[in-house]
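Colleague: here's my sequence, what's the structure:
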Amino acid sequence: MFAESASVFLNGNADMFSIIMNNLFSFIIFAIAPMIAFYFFIFIFHLVFPDIKIRSKLLIIFIFPVAINVILALLSPFFGFFFSVSELGVYSRGSLFLLSAFITYLFLIFGVFLVIFNVKKVMKPDLALILFIGVIPIIGGIIQSLFYGILTMWSSAGIALLMGYLFLQDRMIRLDLLTGVWNRESFYYTYSRKIKMSPDKRFGAIYFDIDNLKMINDKYGHLEGDKAIKLVIEVIRKVIPFGSVICRLGGDEFIIICNSQTQDEINVILESIKEQFLINKLVKEKDYKLECSFGADIYTSDCISINTFISRLDKLMYEEKFKKKNLSN
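Modeller: Residues are numbered from 1 along each chain as shown. Have a look, this model is predicted:
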């Protein structure tokens with residue numbers, strides 16, 4: 001934003017210093033734009049796939065157009081690829097101006113589509129904000145590209161970066177660091193308020209914990225125990241409806257909140273989860289049996305508080321756990 005403002009201020013000044021600085025600031029603008037878009041894409045990738053590292057070969061492919069852009073920007077004061085500054089100090093766009101814009105917006109668009117195509121991996125409250133962070137610079141850049149003289153690209157990018165910073169701050173406070181789901185405090189704060197404001201609103205919930213997690217920790221180590229917890233959440237995320245929320249209440253105890261209105265609806269979701277545990281390849285590859293016990297019910301106005309409802313779910317979960325123990329005996 002500083003470079004853009006400075007180039008506007010210097011534009012039209014014919015002295016040598018102004019021409020040199022105008023070229024320098026224009027180079028900075030064109031060189032940095034795709035870099036910010038590229039890091040936005042990397043940010044979104046790690047947000048959607050927190051446990052996957054981008055392969056070095058793929059990273060080189062992504063970096064290649066950014067490097068080409070920097071080289072062309074560096075040569076532009078001499079050959080006018082992206083921009084030129086005349087002897088009168090007047091800035092004008094170069095013949096390859098749209099190529100730089102294309103490289104920049106390509107990464108922004110990739111990031112947005114990455115979110116859209118993996119929408120189940122993103123928590124619903126985060127979805128609108130993440131898309132906002134990517135779409136606002138795209139809109140600002142398109143406006144500036146189409147209407148020469150209107151400076152909206154870097155101001156919109158600044159807004160997006162600020163929103164991204166606030167998003168990360170909120171995420172650190174609100175989410176469980178190991179699994180990326182809501183933490184206990186966020187759950188109680190949000191749903192206590194919702195129940196107080198709309199006591200007649202119904203929703204479905206599935207309460208669960210991981211069977212024999214202590215045995216996994218004792219035999220295979222706590223690092224493997226953490227991997228088991230993360231895998232459980234990964235399996236469940238694949239099948240729960242969009243808009244559902246998973247919360248970690250403590251240790252290996254979790255709750256899933258769905259927009260289900262009837263017991264049949266929540267039971268269908270529960271059966272889908274159980275089936276996914278039976279067919280999931282990563283679960284079957286484990287040296288130990290990875291499964292959970294569940295308690296599912298519908299919240300109604302009959303419940304005095306969220307704690308009363310969780311106690312009911314907890315009781316249902318332990319009933320299932322005891323049934324499994326009796327069958328194994």
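Colleague: all contacts plus neighbour counts: C-alpha atoms, from now on.
Modeller: OK.
Colleague: name the element the most centrally placed residue in the chain belongs to?
Modeller: With distances taken as C-alpha atoms, centre = their mean, residue 47 lies nearest the centre of the chain, 3.9 Å away. Using DSSP states H and E, residue 47 sits in helix 16-48.
Colleague: gap between that helix and the chain center?
Modeller: The chain centre lies 23 Å from the centre of helix 16-48; the measure is C-alpha atoms, centre = their mean, to the nearest Å.
Colleague: quick one: mean pLDDT for that helix?
Modeller: The predicted model assigns helix 16-48 a mean pLDDT of 89.
Colleague: buried stuff in the next helix or strand after it?
Modeller: Heading C-terminal from helix 16-48, the first helix or strand you meet, by DSSP H and E, is helix 56-79. Neighbour counts using 16 or more other C-alpha atoms under 10 Å place 65, 66, 69, 70, 72, 73, 74, 76, 77 of helix 56-79 among the buried residues.
Colleague: between helix 56-79 and helix 16-48, what angle do the directions make?
Modeller: Using axes from the mean of the first three to the mean of the last three C-alpha atoms, to 10 degrees, the interaxial angle of helix 56-79 with respect to helix 16-48 works out to 160 degrees.
Colleague: now the helix or strand just after helix 56-79: mean pLDDT?
Modeller: Downstream of helix 56-79, the next assigned helix or strand under DSSP H and E is strand 83-85. For strand 83-85, the mean per-residue pLDDT is 93.
Colleague: repeat that for stretch 158-172.
Modeller: In this model, stretch 158-172 carries a mean pLDDT of 77.
Colleague: one more: stretch 198-214?
Modeller: For stretch 198-214, the per-residue pLDDT averages 88.
Colleague: which other residues reach that stretch?
Modeller: Contacts of stretch 198-214 with the rest of the structure, by C-alpha atoms under 8 Å, 6 or more residues apart in numbering, involve 195, 225, 229, 252-263, 266, 270, 290-301, 310, 313-314, 317.
Colleague: now the residues you listed: which count as buried?
Modeller: When the contacts of stretch 198-214 are checked for burial by 16+ other C-alpha under 10 Å, the buried set is 195, 225, 229, 252, 254-261, 266, 270, 290-300, 310, 313-314, 317.
Colleague: so which of those belong to helices?
Modeller: If you go by DSSP state H, these have 195, 225, 229, 266, 270, 310, 313, 314, 317 in helices.
Colleague: residue 150: which element?
Modeller: Assigned by DSSP H and E, residue 150 falls outside every helix and strand.
Colleague: any weak-confidence spans in the stretch 151-300 of the chain?
Modeller: For the stretch 151-300 of the chain, the stretches with pLDDT under 70 are 171, 197.
Colleague: in it, which spans are helices?
Modeller: Assignment of helices within the stretch 151-300 of the chain using DSSP state H, counting those that start in this stretch yields the ranges 153-174, 184-197, 213-220, 222-237, 263-279, 281-284.
Colleague: how about the ones you listed in TSV, adding distance to residue 91?
Modeller: Converted to TSV, the helices of the stretch 151-300 of the chain look like this (distance: least, C-alpha to C-alpha, whole Å):
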stretch	distance to residue 91
helix 153-174	17
helix 184-197	52
helix 213-220	65
helix 222-237	52
helix 263-279	60
helix 281-284	58
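Colleague: which among these is found nearest to residue 28?
Modeller: Minimum separation from residue 28 across those (C-alpha to C-alpha) falls at helix 153-174, 12.2 Å.
Colleague: counting neighbours, what do you get for the nearest residue to residue 278 once chain neighbours are set aside?
Modeller: Sequence neighbours aside, residue 284 is the residue nearest to residue 278 in space, at 7.6 Å (criterion: C-alpha to C-alpha, 6 or more residues apart in numbering). Taking other C-alpha atoms under 10 Å as the neighbour definition, residue 284 ends up with a count of 13.
Colleague: what of the one 3 residues further on?
Modeller: For residue 287, the number of neighbouring residues by other C-alpha under 10 Å comes to 9.
Colleague: if I look at it, how far off is residue 131?
Modeller: Residue 287 sits 40 Å away from residue 131 when distances are taken as C-alpha to C-alpha, to the nearest Å.
Colleague: what do you get for residue 49?
Modeller: When distances are taken as C-alpha to C-alpha, residue 49 and residue 131 turn out to be 16 Å apart.
Colleague: run through who's touching the host helix or strand of residue 4.
Modeller: Under the assignment given by DSSP H and E, the secondary-structure element containing residue 4 is helix 2-10. Judged by C-alpha under 8 Å, 6+ apart, the contacts made with helix 2-10 from elsewhere in the structure are 18, 19, 21, 22, 25, 26, 28, 29, 89, 154.
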